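[1] give me the fold of what follows.
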Amino acid sequence: MAYHSMPTTLDPHKIPLAANIALADQLYDSLFVITDESEPTSLIIESWELKNETTWVFHLKHNIYFHDGTPLTTKDIIYSFDRINQVEGLEYKAFTKRWKSYERLDDYAFQIVTEKPYSSLLRNLGNIYILKYQEQLLPHDKFMEQKGYIGSGPYCLIAIEPNGDIRLIANKYYHGAAVLVKKVRITRFVEVNERLRALQEGKINLAEGLAEVNIPLLNLKNIDIIKAPTHRLLHLHLDFKDAPTTFVRDYKGNTLDHNPLRNTLVRKAISLAINRKYLVDEILQGNALIAEQYMLPNMVGYMAGIRLDEYNPELAKQLLKKAGYEQGFNLVLHGTNDRYIKDHAIVLAIAKMLNEVGIKTIPITLGRKQFFQDVQNYQYSAILIGFSPNGNIQGLLDELIHSPVPEKGKGAFNFGRYTNPQVDQLIHEAGEQFNQVKRIRTQGRAIELAMNDYALIPLYFEQAIWGQSKNSQWEFWPNHFNGTVAQDIKPK
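    All right, here's what the predicted structure looks like:
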């Protein structure tokens, strides 16, 4: 299999990047998984019950074994929780911040107590992978040396080759569906043309990340194309800071004593100025779906009757005039040039559209490492970025819309610092509501308010595209999260 980006680590508690998660899904078990219906289920937990509004008790299955044949028990569960919470530099701490306590009840039962009622706990646990117990909590820099990668997932690690290729073999103790592909090599071809060439020549069986290719123009005699929509929402974050923002100036280039991006009319004007259909049809060559709101229409959290404004540059100009910016203002739009499908071209196109309504926009794109480092420090005024809620609307509201409250794990990806106390309160109420009908209704009110505020500006959902060799005996069936994992490869 050829990945577009290779995993940066085998440590499943370090950093939740897409390639890392795909590898983790092959090596380890998470406590829960989200099915195609967005409902949580588990391969390692037999049952669970809610003792009261904040106390959950979980019972493990008895037939789960690690790659070395050791039984998985609550000793391993508590070790994994302790490691996430206590070892420095592990970014998965965000997933346990709403817990008050956790404890082992016996070899196959454990308990989690949350600070407040937490209806999304099961989905939250889907982010936590279980490692085999070790006497000492394993630091990240010792993870490979001390074989921290022993999990209970469908595949075991054989080796990491000098060229970076990762070799896996089927786990003979695996408890899930039969693993049909017994040996796997994960490799990387940086350029999409290299991946296509390797497929054509039969050097690889499957390649991801073909969305940047104009498929209809290619002569793909030996390649089958597979497409699937993803949950990844590409959107603009605009700085909501109640003070001058770094990369905004007045139309003459002078420093402002206020932030125009806080004005709802300005935010709406920016949304109206963007021709999403052009972005999807022309730049992305149809390999995306226009975002009407924060979730795809078939997902829990999509609210009927809520729609984004359609492209209307003339109305955008009128709103800017009404907001006091008839002559516009100067803006710098930042984005990546190596993270999303044609991200550099998208940033340039949006900048051009904003210029056409009077917002003099300079596009700047950077490598992902520098970009995300700066974004986490709120250094930009307007950014193009992606977020994947993986079917969890409550997670999106908590992490992307709620005002940033790091100590409570809220607003971790709200890089525009949007704040509305009423929206925050509704998000809190939804998160504590176990009645599904009432929870969805409360979430809908929060979504409607946030969209009316233009908390962020949704653009489109990326589409994932794979190529597989027609001569292969195998066939790839994308999973719910569109990760490239060997357990989703079946015989033709």
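[2] can we go C-alpha only for contacts and neighbour counts from here?
    OK.
[3] what about the helices in the protein?
    For the chain, the helices defined by DSSP state H cover 18-27, 74-86, 121-125, 192-200, 264-273, 276-278, 313-322, 343-356, 368-376, 393-396, 421-431, 436-453.
[4] mind listing what the closest residue to residue 112 other than its chain neighbours touches?
    Nearest residue to residue 112 in three dimensions, chain neighbours excluded: residue 102, at 4.3 Å (Cα to Cα, 6 or more residues apart in numbering). With contact set as Cα atoms under 8 Å, 6 or more residues apart in numbering, residue 102 has these partners: 78, 110, 111, 112, 113.
[5] burial check on the closest residue to the last one other than its chain neighbours, number of neighbours?
    Nearest residue to residue 113, sequence neighbours excluded (Cα to Cα, 6+ apart): residue 55, at 4.5 Å. Counted with other Cα atoms under 10 Å, the neighbours of residue 55 add up to 20.
[6] now do residue 472
    15.
[7] repeat for residue 127
    19.
[8] ramachandran angles for it?
    Taking degrees, to the nearest 10, you get phi -90, psi 0 for the backbone angles of residue 127.
[9] returning to that earlier point: now render the contacts of residue 102 as JSON lines, adding pLDDT and distance to residue 227.
    What follows is those, written out as JSON lines (pLDDT from 0 to 100; distance: Cα to Cα, whole Å):
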{"residue": "78", "pLDDT": "98", "distance to residue 227": "39"}
{"residue": "110", "pLDDT": "98", "distance to residue 227": "40"}
{"residue": "111", "pLDDT": "98", "distance to residue 227": "41"}
{"residue": "112", "pLDDT": "98", "distance to residue 227": "39"}
{"residue": "113", "pLDDT": "98", "distance to residue 227": "41"}
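[10] the longest strand in this structure is where?
    Using DSSP state E, we find that the single longest strand of the chain is strand 223-238.
[11] residue ranges in the stretch 301-450 of the chain under the pLDDT threshold?
    Nowhere does the stretch 301-450 of the chain drop to pLDDT under 70.
[12] one step back: which pair of the contacts of residue 102 spans the longest distance?
    Spanning the widest gap among those are 78 and 113, at 13.5 Å by Cα to Cα.
[13] now for the closest residue to residue 358 other than its chain neighbours: which residues touch it?
    In this structure, residue 358 finds its nearest non-sequential neighbour in residue 328, 4.8 Å apart by Cα to Cα, 6+ apart. Contacts for residue 328 (Cα under 8 Å, 6+ apart) come out as 250, 251, 320, 357, 358, 359, 360.
[14] now the two most distant members of those residues.
    Counting by Cα to Cα, the most remote pair of these is 250 and 357, 14.8 Å apart.
[15] how near is residue 416 to residue 308?
    Separation of residue 416 from residue 308 (Cα to Cα, to the nearest Å): 19 Å.
[16] and the two? which has more neighbours close in?
    The neighbour count for residue 416 versus residue 308, taken as other Cα under 10 Å, is higher for residue 416 (27 against 17).
[17] how about the more buried one: what's its closest non-neighbour residue?
    Nearest in space to residue 416, with sequence neighbours left out and distances taken as Cα to Cα, 6+ apart, is residue 239 at 4.3 Å.
[18] just give me the neighbour total for residue 162.
    With other Cα under 10 Å as criterion, residue 162 counts 7.
[19] what does the one 10 residues further on give?
    Using other Cα under 10 Å as the criterion, residue 172 is surrounded by 17 other residues.
[20] what's the closest non-adjacent residue to it?
    Residue 172 sits nearest to residue 67 (Cα to Cα, 6+ apart), 7.6 Å away.
[21] residue nearest the middle of this structure, spatially speaking?
    Centrality entry for the chain: nearest residue to the mean C-alpha point is residue 388, 3.1 Å, by Cα atoms, centre = their mean.
[22] list phi and psi for that residue.
    Dihedral angles (degrees, to the nearest 10) for residue 388: phi -120, psi 110.
[23] for the residue of the chain positioned farthest from its centre, give its distance to residue 133.
    In the chain, counting by Cα atoms, centre = their mean, residue 252 sits farthest out from the average C-alpha position, at 38.7 Å. Using Cα to Cα, residue 252 is found at 62 Å from residue 133.
[24] for residue 10, give me its contacts.
    20, 23, 24, 144, 149.
[25] filter these to the buried ones?
    The neighbour-count test (16 or more other Cα atoms under 10 Å) applied to the contacts of residue 10 identifies 20, 23, 24, 149 as buried.
[26] which of the residues you listed sits closest to residue 332?
    Of those, the one sitting nearest to residue 332 (Cα to Cα) turns out to be residue 20, at 31.4 Å.
[27] wait, residue 49 sits on residue 111?
    No - Residue 49 lies out of contact with residue 111 (Cα atoms under 8 Å); the separation is 9.8 Å.
[28] who touches both of the two?
    Jointly contacting residue 49 and residue 111 under the rule Cα under 8 Å, 6+ apart are 56, 57, 58.
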